[in-house]
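Asker: Quick one, structure for this:
(one chain, ligands or ions: 1)
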Amino acid sequence: MSDKKRCLMIGAGGMAGGWIRHFFPPFSNRMEVVGLVEIREDVLKDQGDFLNLNDNQRFTRMEDAFSQVDADFCTIVIPPAYHRQAAVGAAEAGLDILSEKPIADSWEDCLAIYEAVKKAGVKMQVTQNYRFTPRIQTLKQAADKGLVGTPYYLMARFAADYRNRNAWGKFRHEIDHSLLVEGSVHHFDQLRHLTGADCATIAGWEWNPGHASFDGECIGTYVMTMTNNLRAHYEGNCLESGAQNSWHAEYYRIVGSEGALVLDSDHKVRLLKHVPREGVSTEELPTVGVTYDGHQAIVDQFLSWLEGGDEPPTVLDDNIKSAAMLFGAIDASERNEAVDVVAKLKSAIG
Ligand SMILES: NC(=O)c1ccc[n+]([C@@H]2O[C@H](COP(=O)([O-])OP(=O)(O)OC[C@H]3O[C@@H](n4cnc5c(N)ncnc54)[C@H](O)[C@@H]3O)[C@@H](O)[C@H]2O)c1
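Answerer: Numbers count the residues shown, from 1 in each chain. So this is what the prediction gives:
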């Protein structure tokens with residue numbers, strides 16, 4: 001028998017198409033897709049043909065796949081509202097899980113998934129691909145080397161022009177908390193990654209100024225304290241009519257006692273240092289290389305873990321802290337108060 005890991009893939013269109021055609025293929029000597037679930041028949045046919053799957057490996061209902069497919073792990077790439085059904089079903093079928101972010105679209109569903117994964121004793125990793133891009137790795141390594149001296153605080157900005165309805169994919173314009181659930185969870189996770197700490201407290205608001213493009217909240221501004229005492233500020237805007245910091249081009253600035261590191265939409269990491277009476281010097285740092293970029297890094301990490309290697313950084317036990325930050329942000333806005341994220345997590349999972 002081949003020692004390739006067998007994957008049951010849930011979702012075939014949208015981002016799942018990227019997984020099938022770009023993220024998985026470099027690992028064809030380590031894994032294969034042995035089952036595919038997709039509610040849209042045309043998409044199922046197209047991707048099922050690409051993967052050379054037989055009819056008995058193609059499904060429109062995930063429960064049929066869980067009972068019929070002999071797999072090692074399950075990859076979940078469907079909208080967050082269905083993650084609970086998929087992840088709990090996979091855990092109960094004894095499958096390890098590689099899921100797209102967010103864990104789920106509600107705190108209640110995140111905790112149900114957490115409980116099911118723990119009960120089944122399966123492995124789960126959540127896709128936080130943005131941690132593993134050259135531009136972010138360059139920024140992170142520069143910060144870890146102490147180039148800004150003692151870090152004081154971080155700024156993060158995501159801003160994309162989605163003023164045209166469905167410009168960001170249909171479901172995102174219909175759901176509640178659109179910016180936070182579909183977007184900010186990446187940036188909150190990145191703030192944890194860059195600070196090397198978890199969120200202690202979060203305060204701020206999400207809202208919709210009345211724009212017809214979104215039914216739910218699509219702008220947010222938040223401030224955070226981190227468990228290592230750094231502070232962070234996040235600006236998110238899905239109606240950005242000015243400077244864009246969209247996907248893969250987000251703005252981050254790390255400010256410390258000896259300078260600031262800035263990463264903007266031109267992907268260059270710059271070290272700025274102010275010398276009193278002389279001015280500000282700017283040094284452009286060389287971009288570091290990565291073996292695998294973004295999603296491919298995640299696939300490599302997950303397969304290595306299944307093969308007996310190290311636990312990846314974004315496993316469920318880590319990512320539940322980014323989810324707590326996300327749902328803490330929703331609570332903060334609803335209650336108009338600062339939320340203790342550490343206490344939120346502790347009261348839920350101990
Ligand atoms: N990490 C990233 O950079 C990134 C980027 C985009 C999307 N995502 C994530 O990927 C997931 C999917 O997003 P998307 O943009 O591909 O959404 P999408 O609306 O394009 O849906 C993806 C596919 O899932 C199918 N689907 C929906 N419900 C299903 C179900 N119950 N069973 C089987 N198939 C079902 C749809 O028909 C569609 O083909 C989300 O969790 C999203 O946050 C991540």
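Asker: ok, Ser213 - contacts?
Answerer: Tyr162, Arg163, Asn164, Arg165, Ala167, His173, Cys238, Leu239 (C-beta atoms under 8 Å, 6 or more residues apart in numbering). Any C-beta I mention is one placed from the backbone N, CA and C, and that applies to glycine too.
Asker: The residue lying closest to the fourth one once chain neighbours are set aside: helix or strand, and which one exactly?
Answerer: To tie it back to what came earlier, the one meant is Arg165. Spatially, and ignoring its direct neighbours in sequence, Arg165 is nearest to Ser213 (5.0 Å; C-beta to C-beta, 6 or more residues apart in numbering). For Ser213, there is no host helix or strand (DSSP states H and E).
Asker: Quick one: residues contacting the residue sitting furthest away from the middle of the chain.
Answerer: Here the chain reaches farthest from its C-alpha mean at Arg277, the gap being 43.0 Å by C-alpha atoms, centre = their mean. By C-beta under 8 Å, 6+ apart, Arg277 lies in contact with nothing.
Asker: And for Trp205?
Answerer: Trp205 neighbours (C-beta under 8 Å, 6+ apart): Gly220, Thr221, Tyr222, Ala332, Ser333, Asn336.
Asker: Check the secondary structure at the residue farthest from the centre of the chain for me.
Answerer: Following DSSP: H, G, I helix; E, B strand; the rest coil, Arg277 is assigned to coil.
Asker: Do you know the pLDDT at Met1?
Answerer: You'll see Met1 listed with a pLDDT of 59.
Asker: Please apply the same query to the one 4 residues further on.
Answerer: The confidence metric pLDDT takes the value 98 at Lys5.
Asker: got it, and His173?
Answerer: 98.
Asker: from memory it sits against His211, does it?
Answerer: No - at 10.1 Å, His173 does not count as touching His211 under the criterion of C-beta atoms under 8 Å.
Asker: higher neighbour count, the two?
Answerer: His173 (20 against 13; other C-beta atoms under 10 Å).
Asker: The more buried one and Trp207, how far apart?
Answerer: Distance, His173 to Trp207, by C-beta to C-beta, to the nearest Å: 16 Å.
Asker: Could you write out the alpha-carbon coordinates of stretch 321-341 in CSV?
Answerer: Extracted in CSV, the C-alpha atoms of stretch 321-341 (Å, rounded to 0.1, in the frame of the first residue of the first chain):
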residue,chain,number,x,y,z
LYS,A,321,-6.5,32.0,20.6
SER,A,322,-6.9,33.9,17.4
ALA,A,323,-10.6,32.9,17.3
ALA,A,324,-11.0,34.2,20.9
MET,A,325,-9.6,37.5,19.7
LEU,A,326,-12.0,37.6,16.8
PHE,A,327,-15.1,36.8,18.9
GLY,A,328,-13.8,39.1,21.7
ALA,A,329,-13.7,41.9,19.1
ILE,A,330,-17.4,41.2,18.2
ASP,A,331,-18.3,41.2,21.9
ALA,A,332,-16.4,44.4,22.5
SER,A,333,-18.3,46.2,19.8
GLU,A,334,-21.7,44.8,20.8
ARG,A,335,-21.1,45.7,24.5
ASN,A,336,-19.2,48.9,23.9
GLU,A,337,-16.5,47.8,26.4
ALA,A,338,-13.0,46.3,26.5
VAL,A,339,-13.1,42.5,26.5
ASP,A,340,-10.7,40.3,28.5
VAL,A,341,-9.7,37.8,25.8
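Asker: That stretch vs the ligand: in contact?
Answerer: No - using C-beta under 6 Å from any ligand atom, stretch 321-341 stays clear of the ligand, coming no nearer than 11.8 Å.
Asker: Only the buried residues of that stretch, if you could.
Answerer: 321-333, 338-341 (16 or more other C-beta atoms under 10 Å).
Asker: So which of these sit within helices?
Answerer: Judged by DSSP state H, the buried residues of stretch 321-341 include 321-333, 341 as members of helices.
Asker: Please identify which pair of those lies farthest apart.
Answerer: Greatest spatial distance in those: Lys321 and Ser333, 19.3 Å, computed using C-beta to C-beta.
Asker: Could I get the contacting residues of Pro102?
Answerer: Pro80, His83, Cys110, Val126, Val181, Glu182, Val185, Ser322, Ala323, Leu326.
Asker: quick revisit: need the ones in helices among the buried residues of stretch 321-341 in TSV with pLDDT, can you?
Answerer: Converted to TSV, these look like this (pLDDT from 0 to 100):
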residue	pLDDT
Lys321	98
Ser322	98
Ala323	98
Ala324	98
Met325	98
Leu326	98
Phe327	98
Gly328	98
Ala329	98
Ile330	98
Asp331	98
Ala332	98
Ser333	98
Val341	98
